[in-house]
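A.B. asks: Pasting the sequence and the predicted coordinates here, then a few questions.
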Amino acid sequence: MASQFGPAGAPGWHRLDVAVLMRRRDGAVLVVASPDGWALPGGPVPAGSSPRGAAGQTLLRLALEPSLGRLLVQDFRSAGDGGTQVLVYDAGAWSTDLDGFTADGGSVRAAFCPVADLAARLGAAGAERAAAGLAALELGFLAELEDGLDATPGAVPGNGARPRRMMPDLPVSSPVLAAR
């Protein structure tokens with residue numbers, strides 16, 4: 001059966017969400033408060049909207065210019081409800097000294113989180129997604145995750161090794177990733 005996207009919880013359907021990865025010039029990553037803690041900014045793709053359009057709306061809700069770069073991460077999380085596909089777009093780097101701000105009439109609380117604190121702030125799934133996005137930016141590829149494991153074709157060329165987790169094995173050639 002072909003994969004289909006539709007209403008969350010509907011049998012045989014996958015939920016489609018988007019997130020944006022915005023950084024401050026010092027490498028800190030923008031996160032937003034949610035009922036479940038903190039997350040990369042984003043949410044479900046409304047019916048009739050494109051993923052890129054939904055990601056742009058996320059930035060507008062934060063009162064930021066909806067200027068998106070390329071797709072960085074495709075993350076599929078399996079679940080009993082059919083699973084969730086999350087697409088993460090590059091939202092660029094913001095030259096600011098702000099540590100946090102509120103938007104959307106005060107209903108959205110956002111903060112810049114140092115890379116070293118992402119795992120504690122975002123939890124395992126969010127931290128894996130953010131780390132994969134940072135690696136994709138650094139190395140110039142599209143990261144594919146399946147249940148938190150690197151499923152990127154050619155991640156290890158010519159090697160049939162099992163997928164690896166993205167978070168612990170990030171390259172440290174950039175100042176952003178070296179802060180970990």
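C.D. replies: Yes, it's here.

A.B. asks: buried residues in stretch 16-23?
C.D. replies: 16-23 (16 or more other CB atoms under 10 Å). Every residue, glycine included, has its C-beta placed from N, CA and C.

A.B. asks: Show me the strands in this protein, by range?
C.D. replies: Assigned by DSSP state E, the strands in the chain fall at 15-24, 29-34, 37-39, 42-44, 71-77, 84-94, 100-103, 108-113, 143-146, 149-150.

A.B. asks: so which of these gets nearest Ala130?
C.D. replies: Counting by CB to CB, Ala130 lies closest to strand 29-34 out of those; the figure is 5.7 Å.

A.B. asks: Flag every buried residue along stretch 132-149.
C.D. replies: 132-137, 143-145, 148.

A.B. asks: want to throw those into a markdown table with distance to Ala119?
C.D. replies: Shown next, in a markdown table, are the buried residues of stretch 132-149 (distance: CB to CB, whole Å):
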| residue | distance to Ala119 |
| --- | --- |
| Ala132 | 13 |
| Gly133 | 14 |
| Leu134 | 13 |
| Ala135 | 15 |
| Ala136 | 18 |
| Leu137 | 18 |
| Ala143 | 17 |
| Glu144 | 20 |
| Leu145 | 15 |
| Gly148 | 12 |
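
A.B. asks: Point out the most buried one among the strands of the chain.
C.D. replies: Most buried of the strands of the chain, by mean neighbour count (mean count of other CB atoms under 10 Å): strand 15-24, with a mean of 23.

A.B. asks: From the contact counts, what lies against it?
C.D. replies: Packed against strand 15-24 by the contact rule (3 or more CB pairs under 8 Å, 6 or more residues apart in numbering; DSSP states H and E) you find strand 29-34, strand 42-44, helix 51-61, strand 84-94, helix 118-139.

A.B. asks: Nearest to Asp75, out of these?
C.D. replies: Taking CB to CB, strand 84-94 is the member of the helices and strands packed on strand 15-24 nearest to Asp75, at 4.4 Å.

A.B. asks: what's in contact with that closest one?
C.D. replies: 5, 8, 14-25, 30, 40-42, 51-52, 55, 59, 64, 67-77, 129, 132-133, 137 (CB atoms under 8 Å, 6 or more residues apart in numbering).

A.B. asks: what angle do that strand and helix 51-61 make?
C.D. replies: 50 degrees (axes from the mean of the first three to the mean of the last three CA atoms, to 10 degrees).

A.B. asks: what is the orientation angle of strand 84-94 with strand 71-77?
C.D. replies: Using the same axes, to 10 degrees: strand 84-94 against strand 71-77 is 150 degrees.

A.B. asks: Within its sheet, name the partner strands of strand 84-94 and how each one runs.
C.D. replies: Take DSSP bridges as the rule and strand 84-94 pairs in its sheet with strand 15-24 (parallel), strand 71-77 (antiparallel).
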